[in-house]
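Asks: need a 3D model of the following:
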Amino acid sequence: MLFMLIVKASKNSEAGNLPSPELRDAMDKYNEELVKAGVRVAAKGLHPSSTGIRFSFPIEGGKPVVTDGPFTESKELIAGFILIDVKSREEAIEWAMRMPDPQGHGEGQIELRQVF
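Replies: The predicted structure is shown next:
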């Protein structure tokens, strides 16, 4: 079963601030554990939304509307993801519970979603 651990953006990630060395070490250790367990499929961080482009489709059958970043609703933005392949939803939850606060400073938020 594929699950995505979606790391939500924060003011720090949107500002392009890198995590502290301690947090990078903790995330490296967590990713090593995922690899060692054979469940990690992919893991990547994303650039801030200021470098992004949004395509929206307000009119059915119409051309997309293109909007350059940054995007203001940081609580809706994604800073990165980890894709894992596990045996059950419970195992995915266990792995999510083990992830360090991905933003540090008590700003981290992770969303766990199953992939079709």
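
Asks: now the strands for this protein?
Replies: Remark: strands assigned in the chain by DSSP state E are 2-8, 40-45, 53-56, 65-68, 78-85, 110-114.

Asks: can I get these in a markdown table with distance to residue 104?
Replies: The C-beta positions use only the backbone N, C-alpha and C, and glycine is treated the same way. Converted to a markdown table, the strands of the chain look like this (distance: least, Cβ to Cβ, whole Å):
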| stretch | distance to residue 104 |
| --- | --- |
| strand 2-8 | 12 |
| strand 40-45 | 13 |
| strand 53-56 | 27 |
| strand 65-68 | 28 |
| strand 78-85 | 12 |
| strand 110-114 | 13 |
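
Asks: nearest to residue 101, of these?
Replies: strand 110-114 (8.9 Å; Cβ to Cβ).

Asks: helices or strands next to that closest one in the packing?
Replies: On a contact count with 3 or more Cβ pairs under 8 Å, 6 or more residues apart in numbering; DSSP states H and E, strand 110-114 meets strand 2-8, helix 89-98.

Asks: what are the pairing partners of that strand, and which direction each?
Replies: strand 2-8 (antiparallel) (DSSP bridges).

Asks: any residues touching the partner strand, and which ones?
Replies: With contacts defined as Cβ atoms under 8 Å, 6 or more residues apart in numbering, strand 2-8 is touched by 41, 45, 75, 77-86, 89, 92, 95-96, 99, 102-103, 108-115.
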